[in-house]
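Q: Got a predicted model here, sequence first, then my questions.
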Amino acid sequence: MKNKIKIFIIFILLLFNGIIFGEAPIFSGNIAYQYLTKQTNFGPRNPGSKGYENCKKWLIDFAEKNSDEVKLQNFIGKDPKSKKQIPMTNIIARFDPKNTKRIMLSAHWDTRPWADEGNYKKNEPISGANDGASGVSVLLHIMELLNMNDLNFGIDIVFWDGEDLGRPGHTYEFCQGSRYYSLHIIKPKPQEGIVIDMIGDADLKVFFEGNSMVFNLDLMIDIWDIASKLNYEKYFIKKYGPIMYDDHVPLSYIAGIPTIDIIDFKYPNENTNYWHTHNDTADKCTPKSLKIIGDILIYWLYNR
């Protein structure tokens, strides 16, 4: 009888110390950075390119190994310059797919077909280390961690296609993949979501994004408060930043999934721009920045 009581006490102690059901896993910025360089090593991933096809296969294989279910949304997008139709694919990795209580984490996996903000080779596709690969790299590592550490709600991790295939001043040409999903939602529908974009910048500074404050102010405040708890307040600054048209716009407006955008648009800073140029390369990103984003998202997931 004493042995049974002793075993029961040990069980309770293990339970309350988070050992049996698992504490929040540890996010590795170095592993995420490896996934970033894996993508950039494919070359530009603009729809229709060789790098795009190779990266798509890798992402699908990775998702199939590290999630409960993978859904592919194949659709026809449009190149607004050539007016050509291009096959595109949203990649959706699902955890606990039948659970009606669920959230969405997402990033775009395509890259810019033109370096139109640069001073040279303006009509050639870019590497897209920060604008594309950084958000995907964080979500890939989170996917691995979720595969080993269950939660009591469902999660959709989504890689959007066709986000960056638009001309300046023509907002509706962008975010083609998230708009397609918003019109063809895979159920059960997530109750809220987070988009991450351009978060690998070595000089990371994330401000409140204007549309996000309208779509899901409570979630935005929660994320910035978590950043403060984790001593990341100098990277997540509680001040207004640019208003962005990103994948969170169709998700919030069309799909009805209140979504915020975590984005460091001033890349790398107010005085210099690597965005949509050939300078958007892996050496401009750091494991530290990826870890900051990963730590915050893991904390949010495991303390909901």
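A: The structure has been received and is ready for your questions.
Q: Show me which residues of stretch 281-288 are buried.
A: Within stretch 281-288, the residues that qualify as buried by neighbour count (16 or more other Cβ atoms under 10 Å) are 281-282, 284-287. (C-beta placed from N, C-alpha, C; glycine too.)
Q: Likewise for stretch 83-97?
A: Those would be 86, 88-97, for stretch 83-97 by 16+ other Cβ under 10 Å.
Q: among those, which two are most distant?
A: Distance extremes for the buried residues of stretch 83-97: the farthest pair is 86 and 96 at 33.1 Å, using Cβ to Cβ.
Q: returning to that earlier point: any chance of the buried residues of stretch 281-288 in TSV with distance to residue 166 as columns?
A: Formatted as TSV, the buried residues of stretch 281-288 follow (distance: Cβ to Cβ, whole Å):
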residue	distance to residue 166
281	22
282	24
284	23
285	23
286	28
287	30
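Q: Those into TSV, with extra columns for secondary structure, distance to residue 176 and pLDDT?
A: Converted to TSV, these look like this (DSSP: H, G, I helix; E, B strand; the rest coil; distance: Cβ to Cβ, whole Å; pLDDT from 0 to 100):
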residue	secondary structure	distance to residue 176	pLDDT
281	coil	25	98
282	helix	26	98
284	helix	26	98
285	strand	25	98
286	coil	30	98
287	helix	31	98
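Q: Closest to residue 261 out of those residues?
A: Proximity of the buried residues of stretch 281-288 to residue 261 (Cβ to Cβ) peaks at residue 285, which lies at 18.4 Å.
Q: and the gap between the closest one and residue 273?
A: From residue 285 over to residue 273 the distance is 15 Å, taken as Cβ to Cβ, to the nearest Å.
Q: One more: residue 187?
A: Note on residue 187: its distance to residue 273, by Cβ to Cβ, is 40 Å.
Q: out of the two, which sits in the more crowded spot?
A: Just comparing residue 187 and residue 273: by other Cβ atoms under 10 Å the higher neighbour count belongs to residue 273, 16 against 9.
Q: didn't the more buried one look like it was pressed against residue 265?
A: No - in this structure, residue 273 is not within contact of residue 265 by Cβ atoms under 8 Å, at 10.0 Å.
Q: give me every residue that touches the most centrally placed residue in the chain.
A: Central residue check for the chain by Cα atoms, centre = their mean: the C-alpha nearest the mean position is that of residue 107, 3.3 Å away. In this structure, residue 107 makes contact with 132, 134-136, 138-139, 158-160, 195-197, judged by Cβ atoms under 8 Å, 6 or more residues apart in numbering.
Q: Residue 36 too?
A: For residue 36, the contacting residues are 129, 133-134, 136-137, 200, 282, 285, 290, by Cβ under 8 Å, 6+ apart.
Q: Recalculate using a threshold of 10 Å.
A: For residue 36, the set of contacting residues under the criterion of Cβ atoms under 10 Å, 6 or more residues apart in numbering consists of 29, 129-130, 132-138, 140, 200, 282, 285-287, 290.
Q: From residue 255, how far out is it?
A: Separation of residue 36 from residue 255 (Cβ to Cβ) stands at 28 Å.
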